[in-house]
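Participant: okay, predicted coordinates and the sequence, questions at the end:
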Amino acid sequence: MKLQNVANRVVRVLLATPGLNRVVGGRLVTLYIVGRRSGRHYTVPVAYQRQGEKLLIGTPFGWGKNLRTGEPVEIRLRGERTTADVEAFTDEASVVAHYAHICRENAQFAKFNQIGVGSDGTPDAADLHAAWEAGARSFLLTPR
């Protein structure tokens, strides 16, 4: 089992535990995703950044293909399970801008996605472009 899978299992338990979810979940949301072809259910903890009432997330992983504009997704945010509307982005300009925003606010996200950040907090433009070329996508989730 990959280390990331183990980490995700631990984080899922923490996010589902009353009391702990408010401490651990300050920057994490749990997504409940159904595979578009397989019908398989996935529970994925992911970092987010607020943009007003919306949650901005990004991922290089295949599960992101199951999030599509116009199709709602179930989420758990700060211990509350609810539905969110999805706006998906795959174009270079949007993904690079979204990843840059997340990286400026979340050093762990930048490190995990191998995006260098300068001493002034500016993400490396070449690394952002490389993330997009490798399949990164971004999403705005609007909790209902």
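Facilitator: Structure received.
Participant: partner residues bridging the spatially most central residue of the chain?
Facilitator: With distances taken as Cα atoms, centre = their mean, the chain has residue 57 as the residue nearest its mean C-alpha position (3.5 Å). On the basis of DSSP bridges, residue 57 is bridged to residue 139.
Participant: residue contacts, residue 103?
Facilitator: 109, 110, 113, 115, 117, 123, 128 (Cβ atoms under 8 Å, 6 or more residues apart in numbering). All C-beta spots, glycine's among them, are computed from the backbone N, C-alpha and C.
Participant: hmm, back to that, how far away is the residue nearest to the centre of the chain from residue 51?
Facilitator: Counting by Cβ to Cβ, to the nearest Å, the separation of residue 57 from residue 51 is 10 Å.
Participant: thinking again about what came up before, just the contacts of residue 103 now: which is nearest residue 72?
Facilitator: Checking the contacts of residue 103 against residue 72 by Cβ to Cβ gives residue 109 as the nearest, at 24.2 Å.
Participant: what's the burial count for that closest one?
Facilitator: Look at residue 109: counted by other Cβ atoms under 10 Å, it has 22 neighbours.
Participant: what's the local residue count around residue 61?
Facilitator: Applying other Cβ under 10 Å, we find 12 residues neighbouring residue 61.
Participant: show me the contacts for it.
Facilitator: Contact analysis of residue 61 by Cβ under 8 Å, 6+ apart lists nothing.
Participant: cool, and the one 3 residues further on?
Facilitator: By Cβ under 8 Å, 6+ apart, the contact list for residue 64 reads 88, 137, 139.
Participant: can you list those residues in CSV and add pLDDT?
Facilitator: Converted to CSV, those look like this (pLDDT from 0 to 100):
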residue, pLDDT
88, 98
137, 98
139, 99
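Participant: ranking those by neighbours, who comes first?
Facilitator: That'd be residue 139 among the contacts of residue 64, by other Cβ under 10 Å, with 26 neighbours.
Participant: ok, that residue touching residue 57?
Facilitator: Yes - under the contact definition of Cβ atoms under 8 Å, residue 139 touches residue 57, with a separation of 5.1 Å.
Participant: ok, back up a step: now, of the contacts of residue 103, which are buried?
Facilitator: Neighbour counting with 16 or more other Cβ atoms under 10 Å marks 109, 110, 113, 115, 117, 123, 128 as buried within the contacts of residue 103.
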